[in-house]
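> Structural data only, the sequence is not supplied:
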């Protein structure tokens, strides 16, 4: 996967701000900021900073695999299924409950209190227990409409109001 370096884009949220990634949306709580931390052809990393702590929102598409459901099932709802990873409890895998395959790929979201090397974030909001549901509940897998901010390759997070072409 090729990672694209982006200019740092950070946006302070008024409650709640809908930030659309490539394939999913995250609702920012009051006082949270989102910045693009990396992007590839089928993925996006957002680093979220807030009063409760820092966490990573990873939005991607890939082929379905058994590893998608590895770990402990912690939530099954009408819009999402969530697993806490057995190898690292500060990583959650989130999938739409009714995934639609696009060219054989499905939407996959990660919510993490660690970075890609599994190093804990400074002041992590995701700690591997039930307090993490405050963050998990604000992730909308497969939803990319009615955005306040949208990821645009090469530009970072862009206000939907400032875009001339509606998507």
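Received it, and whenever you're ready, just let me know what you need. All values derive from a computational prediction rather than experimental measurement.
> Residue 130: how many residues sit nearby?
Residue 130 sits with 9 neighbouring residues when counted by other CB atoms under 10 Å. Where C-beta positions appear, they are placed from N, C-alpha and C, glycine not excepted.
> Is residue 161 in a helix, a strand, or coil?
Judged by DSSP: H, G, I helix; E, B strand; the rest coil, the three-state class of residue 161 is helix.
> Okay, and the residue nearest to residue 88 when sequence neighbours are not counted sits in which element?
Excluding its sequence neighbours, the residue lying closest to residue 88 (CB to CB, 6 or more residues apart in numbering) is residue 118, at 5.7 Å. If you go by DSSP states H and E, residue 118 is not part of any helix or strand.
> next one: phi and psi at residue 118?
When read as degrees, to the nearest 10, the backbone of residue 118 gives phi 70, psi 20.
> Also residue 89?
Main-chain torsions, residue 89, degrees, to the nearest 10: phi -70, psi -10.
> just residue 131 next, same as before
With angles defined as degrees, to the nearest 10, residue 131 sits at phi -70, psi -20.
> What pLDDT is listed against it?
On pLDDT, residue 131 comes in at 94.
> same deal with residue 154?
Value for residue 154, per-residue pLDDT: 89.
> Count residues in the vicinity of it, would you?
Residue 154, neighbours per other CB under 10 Å, totals 8.
> Confirm that it sits in a helix.
No: using three-state DSSP, the assignment for residue 154 is coil, not a helix.
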